[in-house]
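> Following is a predicted model, sequence given first.
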Amino acid sequence: MLKEEGKVKKVLPILMAIVIVLGTVAACTPQTVTVEVPVERTVEVEVEVPVEKTVEVPVEVEVPVEKEIVIYNSYMSDPEPREADAGQVAMFEEKYPNIDVVHSTIAHEDFKQAIRAYLTASTPPDVMTWFAGNRARFFIDKGLIMDVSDVWESEGWNESYPAGFRAMSSVDGKQYFVPASWYWWAVYYRKDIFDQYELEPPETWEEFLQVCETLKENGVTPITIGTKYRWTAAAWFDYLNMRINGPEFHIDLMLGKEKYDDPRVEKIFTDYWAPLIEDGYFIDEPAAYTWQEALQFLIDGDAAMYLMGDFLRDSYPDEEESKLDFFRFPIIDPSVPIGEDAPTDGYFIAASAQHTDAAKELLGFLGSVEAQQYFADQLGRLPTNMEVDTSGFTPMQQQGLELIQGADFVAQFYDRDTTPEMADEGMNGFMEFWDNPDTIGDILARLETVRQEVFESE
Amino acid sequence: MERRQVLSKSAPYLFLIVPLIIYLIWVVGPMFYSFYLSMTKWDGLSAPVFIGLRNYQKLFKDPVFFVSLKNNLKWVVSFITIPVAAGLGLAMALNRTIPGEKFFKASFYAPMVLSFVVIGLIWSWMYNPAHGLLNQLLRMLRLDSLAIGWLSEKNVVMWAIIVVATWRQVGYVMVLYLAGLQGVDPGLLDASKVDGCSGWQTFRHVIFPLLAPVTVIVVVISIIDSLRAFDLVSVMTRGGPYNSSSVLANFMYIEAFNNYKMGYGAAISVIQFLISVVFIFIYLWRVLQTEMEY
């Protein structure tokens, strides 16, 4: 095949130039949007071999010194938590020189699948990280988690842990779980925009609606939300339910003891949630955005409020963070106890653990003031032990702490409080409602059928 | 028979034994285990409980299953028409010596080289209603009413994802057809020119029939790929909003690994397998037929 070199030499560079220009234009046009990309992490296994020493002396016979081991599996695979986790283990080993910790860190998402294999193995890991709430209950109810009420008693945690955390770790009066770190949920807002329109953080529902109306009149979308992965919508359900019907009803609903087609549930949607959507207080097309993409509206000042967990500050540009503040989700019925969502991470011991004594020592350490102080200082997470010194915390941490300590009940979040299947259907239901608020009756009827199948077939 | 003859006759089988054993252990064995699992109720923790065909009964009453089947069907229909036509057209256009032909061929094929996760992510950004490239372009052209939520409107989302998959597939089909076109005897093309055929007549009566084997393979592969579709859906919408973009593979994944209903998930995968097997057999039959012709 003959090529006319003259033509090629002319056309090709022009084509290249066009491609480069188009590419640059395409790269510059969209604003930077941060999205979480699932990243494969390699599993690092650290194994320490227990050392056996026997010292033989001709006259005296010494007892051989055997080191105890405890197997500890953790899902803290992100770089900062991982370091803090390793630090805690090092502190423990220093304090208890005769116990060796076989510490494995597994990728966070993979751990959620792997834990099922761990708990049913014949030689399970002794101590494991896990989430509080239904996620732990699921295994507790199957008898796979060890009762550690004795550790709670001996460490004095029944006094030094807030009532809410103790309640969440107990089943039938016995403690199975040790909560260690947590974060709060609240309505984060732009202080400067509020100041601009002379608005105060609302405390009641009427005040909240006023704030939304004022913002809307001034061209600011009151509330931003990214519901692509659905759980951000579940937050609104949690809070509205807890504020209207009380945290006890909410948790009973999560546990399948209340019905989804109960008029009290329907009231949430028809009287409170639908009006917010229909009055245009949320951004357009929330289902198209991940929660981080929706955060952009708050950063740009196109929206003023976001119901979100404290971790939103991780994705907020540092120089803008000073414009951010938060307030408690407004009170709807003052006679109803205050419930808050505070997803908590913690530890438990497998029921069939082989090294029970060493495991209980480790568990005791992880819940102690020393370990939690270290963890809180390193990571900025909040500790569960009330005896931890909070004077070194940032003002926001202090504020968050007060928010939760002032609550009567602490819930874990919709998809951690109820079973995965119910959560999946429930969240789909919320999305469908958001798209078409009039169909809520049918949606709730369907969710009720699912609830019966899921909970009553157990 | 002489020893050498025995060896040479059994050589193919001896070579095949090792891969065959590996295949039996890691593909066929688990396949049969899945058939068994589809007839149990299993949460992945306790022992599986045999429940017969109850999973299938439940499946055929599940609206999400039918939405998934419909979405897979949309995918199949799109895949066997658009990439085939576009790929063939591109192959015909690029089969001649034009300046920059290698560049064009490489750039059309490039999407096949990218991972689904990367493609899904970047296209989600482009589909972003407020800041994405597509809507910004539409607004620039004063077509604001068309600047919708591409991945959040339930009637549009499946097609939006299929557009991405099709875009990726076109290059692959083009390469297959380019290879097929190399096998077209240029003597036949000259003969048709001598006979006075127009370009279209040559294509329709000479080239396209000669490409029939390639077309069959392309169609079968497209059908199988569209039945397997998972990555794009999982990355872009995870089957949302509320299952409007659910496909069989994604549905199976959520039921098995998110809802811990391994038996139910296995039943879905068995159905997926049965649908695919029909087309796989057509493909194999076709391949074997052409082999035997030699």
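Noted; the coordinates are in hand.
> burial count for residue A:100?
Residue A:100 has 19 neighbouring residues, counting by other CB atoms under 10 Å in any protein chain shown. Just so you know, the C-beta spots here come from the backbone N, C-alpha and C atoms, and that holds for glycine as well.
> Using the three-state scheme, assign it.
Secondary structure, DSSP: H, G, I helix; E, B strand; the rest coil: residue A:100 is strand.
> Does the closest residue to residue A:346 other than its chain neighbours belong to a helix, a strand or coil?
For residue A:346, ignoring the flanking residues on the chain, the nearest one in space by CB to CB, 6 or more residues apart in numbering or on different chains is residue A:179 at 4.1 Å. What three-state DSSP gives for residue A:179 is strand.
> dump the residue contacts of residue 228.
Looking at chain A here, since you left the chain open. Taking CB atoms under 8 Å, 6 or more residues apart in numbering or on different chains, we find residue A:228 in contact with A:287, A:288, A:289, A:290, A:291, A:293, B:151, B:152, B:237, B:240.
> Let me rephrase: I mean chain B.
Residue B:228 neighbours (CB under 8 Å, 6+ apart): B:249, B:276.
> thinking the residue nearest to residue A:346 is in contact with residue A:342, fair?
No: using CB atoms under 8 Å, residue A:179 is not in contact with residue A:342, being 9.4 Å away.
> Poorly predicted segments of chain A, please.
A:1-65, A:380, A:457-458 (pLDDT under 70).
> And residue A:187, its phi and psi?
phi -90, psi 110 (degrees, to the nearest 10).
> Quick check: it touching residue A:303?
No: the criterion here is CB under 8 Å, and residue A:187 misses it with residue A:303 at 11.9 Å.
> These two - which one has more neighbours?
residue A:303 (25 against 20).
> I'd guessed the more buried one sits against residue A:221; true?
Yes: using CB under 8 Å, residue A:303 makes contact with residue A:221 at a distance of 4.3 Å.
> Now for residue B:39: which residues touch it?
So residue B:39 contacts B:50, B:51, B:52, B:53, B:55, B:263, B:267 (CB under 8 Å, 6+ apart).
> And the fourth one, how close does it get to chain A?
Look at residue B:53 and chain A: by CB to the nearest CB, to the nearest Å, they are 18 Å apart.
> Count the residues that sit near that residue.
Residue B:53: 11 neighbours (other CB under 10 Å).
> Return the per-residue confidence for it.
For residue B:53, the pLDDT comes out at 92.
> Pop out the phi and psi values for it.
phi -90, psi 20.
> need the helices for the stretch 301-450 of chain A, in chain order.
A:356-366, A:369-379, A:395-405, A:414-417, A:420-435, A:440-456 (DSSP state H, counting those that start in this stretch).
> Turn those into a markdown table, including distance to residue B:115.
Conversion of the helices of the stretch 301-450 of chain A to a markdown table gives the following (distance: least, CB to CB, whole Å):
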| stretch | distance to residue B:115 |
| --- | --- |
| helix A:356-366 | 39 |
| helix A:369-379 | 32 |
| helix A:395-405 | 39 |
| helix A:414-417 | 28 |
| helix A:420-435 | 27 |
| helix A:440-456 | 35 |
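> and among those, the most buried is which?
Mean neighbours per residue, mean count of other CB atoms under 10 Å in any protein chain shown, is largest over the helices of the stretch 301-450 of chain A for helix A:414-417, with a mean of 24.
> give me the number of residues near the residue lying closest to residue A:157 once chain neighbours are set aside?
Spatial nearest neighbour of residue A:157, excluding adjacent residues (CB to CB, 6+ apart): residue A:367 at 6.2 Å. Neighbour count for residue A:367, taken as other CB under 10 Å: 24.
> and the gap between residue A:367 and residue B:255?
37 Å (CB to CB, to the nearest Å).
> Up against chain A, what does the stretch 1-150 of chain B have?
By CB under 8 Å from any CB of the partner chain, the part of the stretch 1-150 of chain B that sits against chain A consists of B:44-46, B:97, B:99-100, B:103, B:117, B:121, B:124-133, B:136, B:148-150.
> Buried only: go through these for me.
Buried by 16 or more other CB atoms under 10 Å in any protein chain shown: B:44-45, B:99-100, B:117, B:121, B:124-133, B:136, B:148-150, out of these.
> Next, count neighbours for the residue in the stretch 51-200 of chain A that chain B sits nearest to.
Across the stretch 51-200 of chain A, no residue is closer to chain B than residue A:116, which sits at 5.1 Å (CB to the nearest CB). Burial of residue A:116 is recorded as 16 neighbouring residues (other CB under 10 Å).
> okay, now the domains of chain A?
Per the record, chain A has its domains at A:59-183+A:343-411, A:185-341+A:419-456, by automatic domain parsing.
> returning to that earlier point: hey, what's in contact with both of residue A:303 and residue A:221?
In contact with both residue A:303 and residue A:221: A:283, A:297, using CB under 8 Å, 6+ apart.
> what's the next secondary structure element after the helix or strand harbouring residue B:250?
Element membership of residue B:250, judged by DSSP states H and E, is helix B:248-253. Sequence order places helix B:262-292 as the next helix or strand after helix B:248-253, per DSSP H and E.
> so that next one versus helix A:420-435, what angle?
With axes from the mean of the first three to the mean of the last three CA atoms, to 10 degrees as the basis, helix B:262-292 and helix A:420-435 are set at 80 degrees to each other.
> Show me what helix B:262-292 is packed against.
helix B:29-37, strand B:40-41, helix B:54-59, helix B:212-228, helix B:248-253 (3 or more CB pairs under 8 Å, 6 or more residues apart in numbering or on different chains; DSSP states H and E).
> Spatially central residue for the chain, please.
Went with chain A since none was named. residue A:343 (4.6 Å; CA atoms, centre = their mean).
> think we crossed wires, I meant chain B
Closest-to-mean residue, chain B, CA atoms, centre = their mean: residue B:225 / 1.5 Å.
> related to what we said a few turns ago, how about the contacts of residue A:228 in a markdown table, adding distance to residue B:170?
Listed next are those as a markdown table, based on distance: CB to CB, whole Å:
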| residue | distance to residue B:170 |
| --- | --- |
| A:287 | 29 |
| A:288 | 26 |
| A:289 | 29 |
| A:290 | 28 |
| A:291 | 34 |
| A:293 | 29 |
| B:151 | 21 |
| B:152 | 26 |
| B:237 | 22 |
| B:240 | 26 |
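> List just the nearest of those to residue A:361.
Distances from residue A:361 to the contacts of residue A:228, taken as CB to CB, are shortest for residue A:291 (39.4 Å).
> If we ignore the residues flanking it in sequence, what's nearest the closest one?
residue A:226 (4.1 Å).
> Burial check on the one you found, number of neighbours?
23.
> and it, what is it in contact with?
A:232, A:286, A:289, A:290, A:291, A:292, A:293, A:294, A:295 are the contacts of residue A:226 under CB under 8 Å, 6+ apart.
> And these, which two are furthest apart?
Pairwise over these, using CB to CB, the maximum falls at A:286 and A:292, 13.1 Å.
> Show me how far stretch B:276-292 is from its chain's centre.
Relative to its chain's centre, stretch B:276-292 lies at 16 Å (CA atoms, centre = their mean, to the nearest Å).
> Nothing else from me, thank you.
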